[in-house]
Structure formats: structure tokens, C-alpha cells
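Peer 1: With the input below, show me the fold.
(chains A and B, ligands or ions: 2)
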Protein chains: 2
Amino acid sequence: MTPERWQKIQQVLARRQPDLTVLMERVHKWHNFSAVLRSCDAVGVLEAHLIPAAHGIPTEDQNPSRHTAATSGSAAKWVGLRTYPDTPSAFADLRSRGFVIYAAHFSHKAIDYREVDYTRPTCILLGTEKWGVTEEAATLADGHIVIPMMGMVQSLNVSVAAAVILFEAQRQRIQAGMYDRPRLEPALHQRLLFEWAYP
Amino acid sequence: MTPERWQKIQQVLARRQPDLTVLMERVHKWHNFSAVLRSCDAVGVLEAHLIPAAHGIPTEDQNPSRHTAATSGSAAKWVGLRTYPDTPSAFADLRSRGFVIYAAHFSHKAIDYREVDYTRPTCILLGTEKWGVTEEAATLADGHIVIPMMGMVQSLNVSVAAAVILFEAQRQRIQAGMYDRPRLEPALHQRLLFEWAYP
Ligand SMILES: C[S@@+](CC[C@H](N)C(=O)[O-])C[C@H]1O[C@@H](n2cnc3c(N)ncnc32)[C@H](O)[C@@H]1O
Ligand SMILES: C[S@@+](CC[C@H](N)C(=O)[O-])C[C@H]1O[C@@H](n2cnc3c(N)ncnc32)[C@H](O)[C@@H]1O
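Peer 2: Ligands and ions are numbered 1, 2, ... in the order given. Predicted structure coming up:
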């Protein structure tokens, strides 16, 4: 552990946002799952949430690639992951912790993702690669958001959609000064500092 | 060809942005390459640019997956692709057509990607997965831009970085009314209409 590394860990923990997260509903491809976690890390998400598809949490073996392993794979070390057996239990847990849940989902009631106030406790719900957000989750969500599509293809890659929304949240939170002061409880900060520094 | 389809193609062509593009420097993984094209389609990029890695233009076979084929694969139909043997020839061609080229690249002179005016003719240069933008390209570029990273991992997935920048460009161009009036020469519009409608 170099002093620079210690410094870096402290700095990153001081910017972690316990009240910004994603809920992935059966995202199952490793390269998407790991790219989402990597973007989460970059905007300061403390913990991500997953309702795993039938075969479980995505792993590298399903799509072996040394590059993926070396880069995005490592984000899983820095972003916690909570899993749930189903959509209602995920919603119940997130709501009990104060999150407003926006489904990234095409529907007649969807609004432009830039209209949302992401400085509030916010969870972005992302749907599975081929079929998108389930009916059940769309109904439960507090609102639907879309990234405007100007082209022929109907949807974006799920990790791309996640990132575009998360970096809008980052923009709003930079502006609101939310990365300028520590947001974690001191006890949690200390515990994570220890876990990250001495794995 | 249904009337709705014809309508859709007309609408998309009316929003194409001939003066917004990307240059991928040896991006070689199919899932990244196809996700970049898909985001290009979504923000109205007319043609994308690629300096292929040694094994050529990325193809699905390198990473077979029915989902990828069914979805992102199709963006290649709607976004033109120009390829170049090397970086200087790509720069020469893009410059001759009036593009300002920003390298998405970590360096001491990099500025926040949100500070750029993307309503000007803009090309975003993206680096290869593991090694990033080459020295040569970084030197040739008109400027360097970065997406702020608040976490432990040093960089984003390349298709994610591309999308975050392209959707900032889209935001600026929406605001400037650049999707509200056709931007293509009538002759080109007609030619593409024909090609897209009767492939
Ligand atoms: C490949 S898309 C699923 C497409 C599916 N056919 C649908 O219509 O929902 C996977 C997920 O990415 C997210 N997504 C993709 N494009 C989006 C956009 N333009 N706006 C908001 N979310 C998007 C959504 O969460 C979606 O469930
Ligand atoms: C995986 S990154 C390459 C990482 C490489 N180690 C480096 O330092 O450049 C692939 C490409 O994605 C783009 N990229 C990734 N994260 C970025 C960020 N935060 N800002 C700007 N571009 C980024 C750059 O074009 C980069 O060349």
C-alpha cells in the first residue's frame, strides 16, 4: 500500500454517493454487467442492485476475454452488489431505504431523462438485454425515463443507456456540490477504507 | 414497405447530422464497435470512421451472440462506415471536410467533455480498448477531452465513453434546433432514402 494508493482510496470514499444507484433486472451478459458496474464506480455509486437471470450473477466465464478481465472486471471490487430473488423484493428494499425508482423504459408516460432531479435519492432501473423492463417493474416504478432516440434503431445497449443517465446524475451532483463533502457515515467510511486497503 | 416505415426513414434522414462523427482508432471488439454504431445512429451520426486493427473491421463471428446480432448489429445498416489504413490519412480526410477532432484521451491538457461546443463540425476520436488513443493521434488532435472519473477504475468502457460524449453533443444540438430542419443535401437525402427503403 503506497501513500498514493491510500490517498486515492480516501478520496474515492469521500466522493461515494450512497443515495445514487441502479437496479439491473436480469441483465445477463457479462460485458454489459461489468460495464454498468464500471460506470457506477466512475460516478460514485456505493452499491448496485441486481435481480439475477436464471443462470445467476453474470461472470466472466460466460464471455471469456482477457481485456475484459483486466479492466472492467475490477469495478466489482469497488462497487457493492446486492441481489434479490425478484422484482417486488428489490423494490421493497430500495423503497425502505428512501429511493425513488425510475425505470429506463419506453412507454407513453416516459419523460426525457434530463428532466429528473438526480440529487434526490435515486435508483435507475435497467431492463434485460432483449426484452427490457418487465411489466411488473414498469408498474411498480415511480416514473419512466427515456433517452431521446433520433435514429432507426429502437434502443441503446443497456450499459450505454445506464451510463448516459448516470453521467447526467453526476453532472447534477457536481453542480450541487455533492462530491465536495463526504456523504458516507463515518463508521461505514472506516469499514470500507479498511476493506479496500487490506483486501 | 409500409407507409409508417417510409415515414420513419424520412424522419430519421431529416435528423441526420453530417457534421457530427466519431473516429475509432483500432477499436476491435465487436460488442464495443457495434454499441458505438448504435449510439451513433441514435444521435444522428451519418457516417462513422474506423482505423481497423490488424484483423480488420470487427465482425460478429469474433463474439457470436444472437442478441447482439439481432439488435446492435443492425445499426451498421443505418450508419455509414469509412475506413482508413492509418491515423494520418484519417485526420487528413476529416480535416479536409472541416471537422474539428477531439481525442477522448486522458492527458494533462484534457478538458471536461462538457466544455466543448458540439454544434460545430465535430469528430470524437476514441482509442483502442486496452491501450487507448495512440501518441500519434493525441498529438494530431485539436484538443483532448475527458469524462470526469470519481471512482477507483481509471477509464470507462470505450462504447460507454463514446455514448456519454455523443449524448452531450445531442443535448447541445437539440437545444440549438439542429434536429428541427434537414441537414443533408437534397441529393444525398434522396439517394439514402432510396438505399434505405429498397435495400
Ligand atoms: C436493449 S434495451 C431493451 C429493448 C427492449 N426491446 C425494450 O423495448 O425495452 C435494454 C435496456 O436498456 C435501457 N435502454 C436502452 N435504450 C434506452 C433509452 N433510449 N432510454 C432509456 N432506457 C434505455 C432500458 O432499461 C432497457 O430495458
Ligand atoms: C478503455 S479506454 C483505454 C484506457 C487506456 N488505459 C488509457 O489510459 O487511455 C478506451 C477508450 O475509451 C475512451 N475513454 C474511456 N474512459 C474515458 C473517459 N473517462 N474520458 C474520455 N474518454 C474515455 C478513450 O477514448 C479511450 O481511449
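Peer 1: What ranges in chain A fall below the confidence cut-off?
Peer 2: A:61-73 (pLDDT under 70).
Peer 1: Endpoint to endpoint, stretch A:124-139 covers what distance?
Peer 2: End-to-end distance of stretch A:124-139 (CA to CA, to the nearest Å): 14 Å.
Peer 1: Strands along chain A, start to end?
Peer 2: With strands called from DSSP state E, chain A shows them at A:20-25, A:47-51, A:80-83, A:100-104, A:111-112, A:122-126, A:143-146.
Peer 1: Please look at residue A:20 and residue A:122 and confirm they touch.
Peer 2: Yes: taking CB atoms under 8 Å as the definition, residue A:20 is a contact partner of residue A:122 at 5.7 Å. Placement of C-beta: from N, CA and C, glycine included.
Peer 1: which residues do the two both contact?
Peer 2: residue A:169 (CB atoms under 8 Å, 6 or more residues apart in numbering or on different chains).
Peer 1: Distance to residue B:183 and mean neighbour count added to the strands of chain A, as CSV?
Peer 2: Formatted as CSV, those follow (distance: least, CB to CB, whole Å; neighbours: other CB atoms under 10 Å in any protein chain shown):
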stretch, distance to residue B:183, mean neighbour count
strand A:20-25, 35, 26
strand A:47-51, 39, 22
strand A:80-83, 44, 14
strand A:100-104, 28, 22
strand A:111-112, 22, 12
strand A:122-126, 32, 26
strand A:143-146, 23, 18
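Peer 1: Switch those over to JSON lines; also include distance to residue B:85.
Peer 2: Output for these, formatted as JSON lines (distance: least, CB to CB, whole Å):
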{"stretch": "strand A:20-25", "distance to residue B:85": "40"}
{"stretch": "strand A:47-51", "distance to residue B:85": "42"}
{"stretch": "strand A:80-83", "distance to residue B:85": "44"}
{"stretch": "strand A:100-104", "distance to residue B:85": "40"}
{"stretch": "strand A:111-112", "distance to residue B:85": "41"}
{"stretch": "strand A:122-126", "distance to residue B:85": "39"}
{"stretch": "strand A:143-146", "distance to residue B:85": "40"}
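Peer 1: Which among those is found nearest to residue B:75?
Peer 2: strand A:143-146 (17.8 Å; CB to CB).
Peer 1: Extract the CA atoms of stretch A:23-31 and return them as PDB.
Peer 2: Extracted in PDB, the C-alpha atoms of stretch A:23-31 (Å, rounded to 0.1, in the frame of the first residue of the first chain):
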ATOM      1  CA  LEU A  23     -31.200  -1.900 -10.200                       C
ATOM      2  CA  MET A  24     -30.500  -4.300 -13.100                       C
ATOM      3  CA  GLU A  25     -33.400  -6.500 -13.900                       C
ATOM      4  CA  ARG A  26     -31.900  -9.700 -15.300                       C
ATOM      5  CA  VAL A  27     -29.100  -8.000 -17.200                       C
ATOM      6  CA  HIS A  28     -27.200 -11.200 -18.000                       C
ATOM      7  CA  LYS A  29     -24.300 -10.500 -20.400                       C
ATOM      8  CA  TRP A  30     -21.000 -10.200 -18.600                       C
ATOM      9  CA  HIS A  31     -19.700  -7.300 -20.800                       C
END
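Peer 1: Quick check: the gap between residue A:190 and residue A:131.
Peer 2: 42 Å (CB to CB, to the nearest Å).
Peer 1: and if you look at residue A:1?
Peer 2: 45 Å.
Peer 1: residues contacting the residue lying closest to residue A:128 once chain neighbours are set aside?
Peer 2: Take residue A:128 and drop its neighbours on the chain: the residue closest to it by CB to CB, 6 or more residues apart in numbering or on different chains is residue A:26, 4.0 Å away. By CB under 8 Å, 6+ apart, residue A:26 lies in contact with A:51, A:52, A:53, A:127, A:128.
Peer 1: Please tabulate those in TSV, including the columns distance to residue B:137.
Peer 2: Formatted as TSV, these follow (distance: CB to CB, whole Å):
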residue	distance to residue B:137
A:51	41
A:52	40
A:53	39
A:127	36
A:128	37
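Peer 1: any idea which of the residues you listed is the one closest to residue A:88?
Peer 2: Checking those one by one against residue A:88 (CB to CB), the nearest turns out to be residue A:51, at 10.0 Å.
Peer 1: ok, the closest one touching residue A:87?
Peer 2: Yes: using CB under 8 Å, residue A:51 is in contact with residue A:87, at 6.0 Å.
Peer 1: Mind listing the shared neighbours of these two?
Peer 2: residue A:25.
Peer 1: bridging residues for the residue nearest the centre of chain A?
Peer 2: In chain A, the residue lying closest to the centroid (CA atoms, centre = their mean) is residue A:22, at 3.4 Å. As for beta bridges, residue A:22 partners with residue A:124 under DSSP bridges.
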